[in-house]
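Novice: Make a model of this:
(one chain, ligands or ions: 1)
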Amino acid sequence: MANPQPDFDAIVIGAGFSGMYMLKSLRDRLGLKVRVYEAGDTVGGTWYWNRYPGARCDSDSYIYCYTFDRQLLQEWQWSERYPEQPEILRYLEHVAQRHDLKRDMQFGTRVTGVRFDDATERWTVGTDRGDTVTARYVIAAVGSLSDSNLPAIKGLDHFKGRWYHTSQFPKEGVDFTNKRVAVIGTGATAVQAIPEIAYQAKQLTVFQRTANYCVPARNGHVDPDVVKARKARYGEIVDTIRSSFFGFELAFIPKSVLETTPEEREKEFDRMWDEGGFAFWLANYQDMFFSAEANRLCADYIERKIRKTVKNPATAEKLIPKGYAYGTKRQPLDSHYYETFNLDNVTLVDAKADGPIEAITEHGIRAGGKEYPADIIVFATGFDAMTGPLKALNVSGRGGARLNDAWKDGPRSYLGLMVAGFPNLFTLTGPQSPSVLSNMPVSIEQHVDWVSDCIAHLESHGKKTIEATPDAQERWVAHVNEIVNMTLMPGANSWYMGANIPGKPRVFLPYLGPEGVGGYRKKCDEVAAGGYEGFVLA
Ligand code: NA7
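Specialist: Got it, this is the predicted structure:
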């Protein structure tokens, strides 16, 4: 039969926060036939895989959730300001059940190839379980931080102990009791895990390559009156976070820190410090991300806090970041992180002061010519962020062009949503969208709603495909770079810059728009309202 129906209208890859809502929207709102493929054995994405001790979200729970289900916003009770991984996974399981999502999901299945057929204008999706299915639309809901980075440190094969990556921890957990444990990495993950591991282990050695500026999380139970008041004004909260800069109820102080007196700024810094969470990072003085001089004042405050908390001055010195501006690497939230280095069973090995990791030996890690014994090594070494999970899909578009070739010098997209030459392929929270620079559920819902509206538009206008034009894409890429180059962000060796992965092009991956997620949302809506300007609909 010529031109048979595709197997599905849409394939969604991934069943985390974004894939779940994408399915809900395409199936229940547009009535499409959808299949979700998910490598894990249930929903959850990030919250399925990241089960290391201390794993919890860094956004306040009352806004780290879906807002499309207003009833659920009222019903759901979070136990803490920042719930732990099992609680978030329970929430996502509940959403899956409530909206009957699992019937269209195939678990334990990793997508291994995504190929566009020019003749039929359909996608063929292959999986590691041998599925080969066709669809009109493919939506990559693969997450931004899902492709683990296991550094190639020589000797790991000969290590006689056990080792784990934080993003693939065993479901049954790891018993660190009476063990000598080495943690490699001091990013946001390690900052959560280290205090928990130190508490259990006989000896903990932390291998730090770059010190981080950590600010207090101030986790805890939320006053029931505050919870009640928030529930009463959820409509307003949702409007605020959607139009805000970073997807939080936070806004910069509209003033230069350089115009303040020492007393005035100390008071403001104390207020943000006491508030905890991302306030110090994302609601500081407005020039913090732009002026090295302004930034130094903020950094100096944190340095004083570190020196006050860490008793051994030599250890404090190692923990004080050097060589990059505050806030230009992802902000880790501290719950007893700095205090952990006051414990007798904890040693900090700093790459600069003590020498870098040279090799993993049979019984530990050698750094700076010295061997540090370990029964267990925990790699808290992060991810090939943003582009890694998309590249792993092995995508080929029009004319067989490969996404990995198109992106060999860094990602190129239009609005972070689509790539020229790859029609009907959408990248939720993809590179060059606000994504990881925002409270993720806010950006996820915005992208899902936009994609869903776009597909509804195609269907109702009898169009088969939508594709970004190369011209619009080049303009977007130039805009993304132009904006970030006005800030201090490119100066840091961060995963935002791809600097954590050897050989990865040094390109800023997310979009730091001049008006944040609110302005970006407006731009995406204007593009749609203008008949999808910068796209070709055919
Ligand atoms: P991050 O933030 O990328 O942190 C990884 C850490 O591992 C960081 O301290 C790295 O040092 C270190 N690292 C990476 N490779 C090596 C090698 N080869 N040798 C020594 N140390 C190394 O990942 P996280 O999992 O902590 O956080 C990722 C995001 O997940 C987080 O920001 C939240 O959004 C959720 P470096 O700083 O690169 O010198």
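
Novice: show me where the stretch 101-250 of the chain has helices.
Specialist: For the stretch 101-250 of the chain, the helices defined by DSSP state H, counting those that start in this stretch cover 188-200, 224-232, 234-243.

Novice: tell me the angle the last one makes with helix 224-232.
Specialist: Right, helix 234-243. 80 degrees (axes from the mean of the first three to the mean of the last three Cα atoms, to 10 degrees).

Novice: For helix 234-243, give me every contacting residue.
Specialist: Residues from elsewhere that reach helix 234-243 (Cβ atoms under 8 Å, 6 or more residues apart in numbering): 62-63, 67, 70, 73-74, 230, 247-249, 439, 442, 446, 517-518, 521. (C-beta placed from N, C-alpha, C; glycine too.)

Novice: cool, and the shortest one?
Specialist: Helix 224-232 is contacted by residues 62, 73-74, 77, 237 when judged by Cβ under 8 Å, 6+ apart.

Novice: Try it again at 7 Å.
Specialist: Helix 224-232 is contacted by residues 62, 74, 237 when judged by Cβ atoms under 7 Å, 6 or more residues apart in numbering.

Novice: quick one: which of the contacts of helix 234-243 is nearest the ligand?
Specialist: When these are ranked by distance to the ligand (Cβ to the nearest ligand atom), Asn439 comes first, at 11.0 Å.

Novice: any idea how far Gly513 is from that closest one?
Specialist: Distance of Asn439 to Gly513, given as Cβ to Cβ, to the nearest Å: 15 Å.

Novice: Ok, Asp375 next?
Specialist: Asp375 sits 47 Å away from Gly513, going by Cβ to Cβ.

Novice: May I see the ChimeraX selection of the buried members of the contacts of helix 224-232?
Specialist: This is how ChimeraX selects the buried members of the contacts of helix 224-232, with burial counted by 16 or more other Cβ atoms under 10 Å:
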select :62,237
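
Novice: Can you pull the residues of this structure lying near the ligand?
Specialist: Contact residues (Cβ under 6 Å from any ligand atom) of the chain with the ligand: 145, 151, 184-190, 209-210, 330, 357, 380-383, 436, 495, 500.

Novice: Of these, which belong to strands?
Specialist: Of the positions in these, 184, 357 sit in strands, assigned by DSSP state E.

Novice: out of the contacts of helix 234-243, which are buried?
Specialist: 62-63, 67, 73, 230, 247-249, 439, 442, 446, 517-518, 521.

Novice: Turn these into TSV, including secondary structure.
Specialist: Output for those, formatted as TSV (DSSP: H, G, I helix; E, B strand; the rest coil):
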residue	secondary structure
Tyr62	helix
Ile63	helix
Thr67	coil
Leu73	helix
Arg230	helix
Gly247	coil
Phe248	coil
Glu249	coil
Asn439	coil
Val442	helix
Gln446	helix
Val517	helix
Gly518	helix
Arg521	helix
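
Novice: now, the most widely separated pair of those?
Specialist: When Cβ to Cβ is used, the two most widely separated members of these are Arg230 and Arg521, lying 22.1 Å apart.

Novice: Just give the closest residue to the residue in the stretch 51-200 of the chain that the ligand sits nearest to, not the sequence neighbours.
Specialist: In the stretch 51-200 of the chain, no residue comes nearer to the ligand than Gly187, which is 2.2 Å away by Cβ to the nearest ligand atom. Excluding its sequence neighbours, the residue lying closest to Gly187 (Cβ to Cβ, 6 or more residues apart in numbering) is Gly382, at 5.5 Å.

Novice: Could you measure from the nearest residue to Val215 once chain neighbours are set aside over to the ligand?
Specialist: In space, Val215 comes closest to Phe280 once its chain neighbours are excluded; the distance is 4.6 Å by Cβ to Cβ, 6+ apart. As judged by Cβ to the nearest ligand atom, to the nearest Å, Phe280 and the ligand stand 16 Å apart.

Novice: quick one: Leu282 and Leu250 touch, right?
Specialist: Yes. In this structure, Leu282 is within contact of Leu250 by Cβ atoms under 7 Å, at 5.0 Å.

Novice: who's more crowded, the two?
Specialist: Neighbour totals were compared for Leu282 and Leu250, and Leu282 leads with 24 against 21 (other Cβ atoms under 10 Å).

Novice: First-to-last residue distance for stretch 19-38?
Specialist: This stretch, stretch 19-38, spans 9 Å end to end (Cα to Cα, to the nearest Å).

Novice: how deep is the residue lying closest to Ser148 once chain neighbours are set aside tucked in, by neighbour count?
Specialist: Leaving aside its sequence neighbours, Ser148 sits nearest to Ser167 (Cβ to Cβ, 6+ apart; 4.6 Å). If you count neighbours by other Cβ under 10 Å, Ser167 ends up with 23.

Novice: Can you check what pLDDT the model gives Ser167?
Specialist: In the prediction, the pLDDT value recorded for Ser167 is 98.

Novice: likewise Met1?
Specialist: Note on Met1: pLDDT of 46.

Novice: about what we covered before: mind putting the buried ones among the contacts of helix 234-243 into a markdown table with pLDDT?
Specialist: Formatted as a markdown table, the buried ones among the contacts of helix 234-243 follow (pLDDT from 0 to 100):
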| residue | pLDDT |
| --- | --- |
| Tyr62 | 98 |
| Ile63 | 98 |
| Thr67 | 98 |
| Leu73 | 98 |
| Arg230 | 98 |
| Gly247 | 98 |
| Phe248 | 98 |
| Glu249 | 98 |
| Asn439 | 98 |
| Val442 | 98 |
| Gln446 | 98 |
| Val517 | 97 |
| Gly518 | 98 |
| Arg521 | 98 |
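
Novice: Next up, the contacts around whichever residue of the stretch 351-500 of the chain sits closest to the ligand.
Specialist: Residue of the stretch 351-500 of the chain nearest the ligand, by Cβ to the nearest ligand atom: Gly382 (2.5 Å). Residues in contact with Gly382 (Cβ under 7 Å, 6+ apart) are 149, 185, 187, 495, 500.

Novice: What is the burial count for Gln168?
Specialist: Gln168, neighbours per other Cβ under 10 Å, totals 13.

Novice: actually Glu172, not the one I typed
Specialist: 7.

Novice: ok, the residue nearest to Val215 touching Met272?
Specialist: Yes. Applying Cβ under 7 Å, one finds Phe280 in contact with Met272, separated by 4.3 Å.

Novice: where in this protein is pLDDT low?
Specialist: Filtered on pLDDT under 70, the chain yields the residue ranges 1-3.

Novice: Paired strands for the top strand by length along it, with orientation please.
Specialist: Ranked by residue count under DSSP E, the longest strand found in the chain is strand 132-140. According to DSSP bridges, strand 132-140 has the following sheet partners: strand 8-13 (parallel), strand 122-127 (antiparallel), strand 425-427 (parallel).
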